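J.: When you get a sec, could you give me coordinates for this:
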Amino acid sequence: MRDQFLRQRCNVTVRIEILGSAAGGGFPQWNCNCRNCHSLRAGTFRGKARTQAQVAVTNDKQHWFLLNASPDLRLQIEGTPHLHPRKDQRDSPVAGVVLTSGDVDQVAGLLSLRELQPFRIYSTPSLRRVLQEDNSVFAMLNRVPGQVSWQETAPGQAFSLLDTAGTDSGIRCEAFSLGTRYPAYVSKQRSDSLKSDEALLGLFVESSSGKRLAYMPAVPAIDEALSQRLESADLLLFDGTFWSDDELIRVHGTGATAREMGHVPVSGADGSLLKLAGLRRPRKVFIHINNTNPMLDESGPQYRQARDAGWELAEDGSSFEL
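T.: The predicted structure follows:
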């Protein structure tokens, strides 16, 4: 019986739902009149609207785990029948949230989950301090005992995702450090007191069959060590925020570069298209795509260049299985 159980576990797949695929602000962005946003509103754009990046994973379609929590989370849940209440007056299949950074577009959605529904948050100690000790609004997640259970994680240490009853889901995760810079709202004094390797994380999500998702919506740079690490993934959801380093400056006439904002651009000598061209194993998908990114235009050369290089663009509502 035990061998039969193990064989059944090895055949369990992880389902990955893309609830949102855009960078912060979504596409179109509410206050942007760039070519992409203007054309999309006018109905002349060859491409799709997108909400802010949000991914959900499950291996039983009963218990779902969110990778971060986007500001669009409530609408994304309403648009996904798998995530609707199934029984009783109050219910949710959302069992937990895994956080990879403290960026607003990764944590603001936690406040949409404040209605006394038990779930777990997997986070580094540093990120938990930023949210719980420095931002009093997040106290709404712990108004009553048992509302939210915080589970500490650390770069390089694997952990299992548990449902609300504490049962092992069979999905394992491992976080690893991608950067040392905390979001701008975190004071320098606070940042200096936190562990630098907990500021920005990449995440591996592994099914019981051993297949792996690599999730990293924000990547400041690509080195050889990261490239080698990604060869162990079967599916890669990677930072596609900006096409070029000076994209915002060229579109709006002002602003920071992609790298100054903590995002490696897609194009250029040090961009992800070239730096990850040697990856053979994973299926490669860009996510967290900014509204100004020209590869959103499916009739444009940048879209074709990304596709010809073996990349896909994540879309709201798309799904994958491992």
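J.: The closest residue to Ser39 other than its chain neighbours sits in which helix or strand?
T.: Distances taken as C-beta to C-beta, 6 or more residues apart in numbering put Phe45 closest to Ser39, at 3.8 Å, once the chain neighbours are dropped. Yep, even glycine has a C-beta here, placed from its N, CA and C like the rest. Under the criterion of DSSP states H and E, Phe45 resides outside all helices and strands.
J.: Determine the longest strand present in the protein.
T.: Longest strand in the chain by number of residues (criterion: DSSP state E): strand 168-179.
J.: Mind listing what's buried along it?
T.: Buried residues in strand 168-179, counted by 16 or more other C-beta atoms under 10 Å: 169-179.
J.: quick one, phi/psi of the spatially closest residue to Glu17 that is not a sequence neighbour?
T.: Among residues not flanking Glu17 along the chain, Ala56 sits closest, at 4.6 Å (C-beta to C-beta, 6+ apart). For Ala56, the backbone dihedrals (degrees, to the nearest 10) come out as phi -130, psi 140.
J.: Show me the beta-bridge partners of Ala56.
T.: Glu17, Leu66 (DSSP bridges).
J.: Just list the residues touching it, thanks.
T.: Counting by C-beta atoms under 8 Å, 6 or more residues apart in numbering, Ala56 makes contact with 16-17, 19, 64-67, 80, 82-83, 94.
J.: can you redo these as TSV with pLDDT, neighbour count and distance to Asn135?
T.: Formatted as TSV, the contacts of Ala56 follow (pLDDT from 0 to 100; neighbours: other C-beta atoms under 10 Å; distance: C-beta to C-beta, whole Å):
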residue	pLDDT	neighbour count	distance to Asn135
Ile16	98	22	29
Glu17	98	20	28
Leu19	98	26	24
Trp64	98	25	25
Phe65	98	26	23
Leu66	99	27	19
Leu67	99	25	21
Thr80	97	17	27
His82	95	15	30
Leu83	98	20	25
Val94	98	21	21
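J.: Among those residues, which one sits closest to Phe204?
T.: The shortest gap between Phe204 and any of these belongs to Leu67, at 11.2 Å (C-beta to C-beta).
J.: and the nearest residue to that closest one once chain neighbours are set aside, how many neighbours?
T.: Nearest residue to Leu67 in three dimensions, chain neighbours excluded: Val55, at 4.2 Å (C-beta to C-beta, 6+ apart). Neighbours of Val55 under the rule other C-beta atoms under 10 Å: 25.
J.: From Leu274, how far off is the residue nearest to Ser39?
T.: For Phe45, the distance to Leu274 (C-beta to C-beta, to the nearest Å) stands at 27 Å.
J.: quick revisit: determine the set of other helices and strands touching whatever helix or strand comes next after the longest strand of the chain.
T.: Next along the chain after strand 168-179, taking DSSP H and E as the criterion, comes helix 188-192. Judged by 3 or more C-beta pairs under 8 Å, 6 or more residues apart in numbering; DSSP states H and E, helix 188-192 is in contact with helix 125-134.
J.: looking just at contacts, which helices and strands does the helix or strand just after the helix it packs on meet?
T.: Downstream of helix 125-134, the first helix or strand assigned by DSSP H and E is strand 148-152. When contacts are defined as 3+ C-beta pairs under 8 Å, 6+ apart, strand 148-152 sits against strand 119-123, helix 125-134.
J.: Please point out which parts of strand 148-152 sit buried.
T.: Buried, per 16+ other C-beta under 10 Å, within strand 148-152: Val148.
J.: now swap in stretch 150-159 and tell me
T.: Per 16+ other C-beta under 10 Å, stretch 150-159 contains these buried residues: 153-154, 159.
J.: again with stretch 200-214
T.: For stretch 200-214, by 16+ other C-beta under 10 Å, it's 200-209, 212-214.
J.: Would you mind listing the outside residues contacting stretch 132-143?
T.: With contacts defined as C-beta under 8 Å, 6+ apart, stretch 132-143 is touched by 110-111, 113-114, 116, 121, 131, 147-148, 150, 186-187, 190.
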